[in-house]
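Asker: Structure for the following, please:
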Amino acid sequence: MVFLISCKGGNDLEEVQIPDPEVETTQLAYGNPGDVKVNEGGTFKMKGLKYTYDALEPHIDGRTMQIHYAKHHLNYANKLNKEIDTTDLATKSIEEILTKLNPNNKTLRNNAGGYYNHNLFFEILGPKAGGTPTGELATAIDTELGSFDDLQSQLIDAGNNLFGSGWVWLVVKNDGKLAVTSTINQDNPLMPNAEVRGTPILAIDVWEHAYYLKHQNKRNDYLTALFNVIDWKVVNDKYESALNRL
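Answerer: Got it, this is the predicted structure:
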């Protein structure tokens, strides 16, 4: 914070606080994720981010993160809340809604999926992340998927091979084994119609709004860059929690 002395008419002087240019620029350009709220009365809330919009640069740019979180994600949350308002679903967890939904209910399917998927995606990212998994997850990856390099290749290939918009997942299946899978649109592995069902522990958004401002049509560049900001501690914690619930 910088302090300057300014004139206030005649010979009077007034101390004025000037925000640090870098902080001011970020706030003016992107805003604060904590200020993003669902419409009043909504059951499901915006969970916030543990980092600022520009904290994942240069791998994910701040403008993309701001639009992704404060526009797209917020829109799914508000539409989900509108869909379940005055129904018994308003008292259910998002996981309960997803595991028991009717796939023919496209509005609920898209918005409940969009809300859950984005929450997980934003949660497993971090500015001081990247590297490789550790602990029980690292052991399981080596045993069940070959190696971390193999896992990375499988996730990137799944993203590149997914036609149109959707998601790539690392899941713990009902038998406790890891699997890489993908889903279209806002579907996810919790849904009854999923080809590979299980508990997601890592989500990668491959909708164009997740990367187009920076990477244009180069989805592979985006998928590769993401590994610099995946927080493997969070993923490992989710892996252990999924195993404990089996």
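
Asker: Average pLDDT for the longest helix anywhere in the chain, rounded please.
Answerer: The single longest helix within the chain, with elements called by DSSP state H, is helix 106-123. In this model, helix 106-123 has a mean pLDDT of 98.

Asker: do stretch 178-193 as well
Answerer: Mean predicted lDDT for stretch 178-193 stands at 98.

Asker: so how far is the longest helix of the chain off the chain centroid?
Answerer: Relative to its chain's centre, helix 106-123 lies at 10 Å (Cα atoms, centre = their mean, to the nearest Å).

Asker: Please work out which residues outside the following helix or strand past it touch it.
Answerer: Going down the chain from helix 106-123, the next helix or strand is helix 135-145, by DSSP states H and E. Applying Cβ atoms under 8 Å, 6 or more residues apart in numbering, the external contacts of helix 135-145 come out as 132-133, 147-148, 151, 154, 177-178, 180, 232, 235-236, 239-240, 243. (C-beta placed from N, C-alpha, C; glycine too.)

Asker: Helix 135-145: which residues count as buried?
Answerer: Residues of helix 135-145 classed as buried by neighbour count (16 or more other Cβ atoms under 10 Å): 137, 138, 140, 141, 145.

Asker: swap in stretch 192-209?
Answerer: Residues of stretch 192-209 classed as buried: 194, 197, 198, 199, 200, 201, 202, 203, 204, 205, 206, 207 (neighbour count, 16+ other Cβ under 10 Å).

Asker: Over to stretch 219-230?
Answerer: For stretch 219-230, using 16+ other Cβ under 10 Å, the buried residues are 219, 222, 223, 225, 226, 227, 229, 230.

Asker: Going by distance to residue 55, which of the residues you listed wins?
Answerer: Taking Cβ to Cβ as the measure, residue 55 lies nearest residue 229 of the buried residues of stretch 219-230, at 8.9 Å.

Asker: from what I can see the closest one touches residue 58, true?
Answerer: No - the pair residue 229 / residue 58 is not scored as a contact, 10.2 Å apart, by Cβ atoms under 8 Å.

Asker: quick revisit: tell me which of the contacts of helix 135-145 fall in strands.
Answerer: Mapping those onto strands (DSSP state E) picks out 178, 180.

Asker: in a helix, that's where residue 183 is, yeah?
Answerer: No - using DSSP: H, G, I helix; E, B strand; the rest coil, the assignment for residue 183 is strand, not a helix.

Asker: on that earlier part again, show the buried residues in the contacts of helix 135-145.
Answerer: Applying 16+ other Cβ under 10 Å to those flags 133, 148, 151, 154, 178, 180, 232, 235, 236, 239 as buried.

Asker: what about the helices in this structure?
Answerer: According to DSSP H, the helices that the chain contains are 21-30, 62-67, 74-84, 94-100, 106-123, 135-145, 148-161, 212-215, 219-226, 232-244.

Asker: counting contacts, what elements does the second one pack onto?
Answerer: Using 3 or more Cβ pairs under 8 Å, 6 or more residues apart in numbering; DSSP states H and E as the contact criterion, the neighbours of helix 62-67 among helices and strands are helix 21-30, helix 212-215.

Asker: same question for that helix, mean pLDDT?
Answerer: Mean pLDDT, helix 62-67: 96.

Asker: do you know how far residue 80 is from residue 208?
Answerer: Using Cβ to Cβ, to the nearest Å, residue 80 is found at 22 Å from residue 208.
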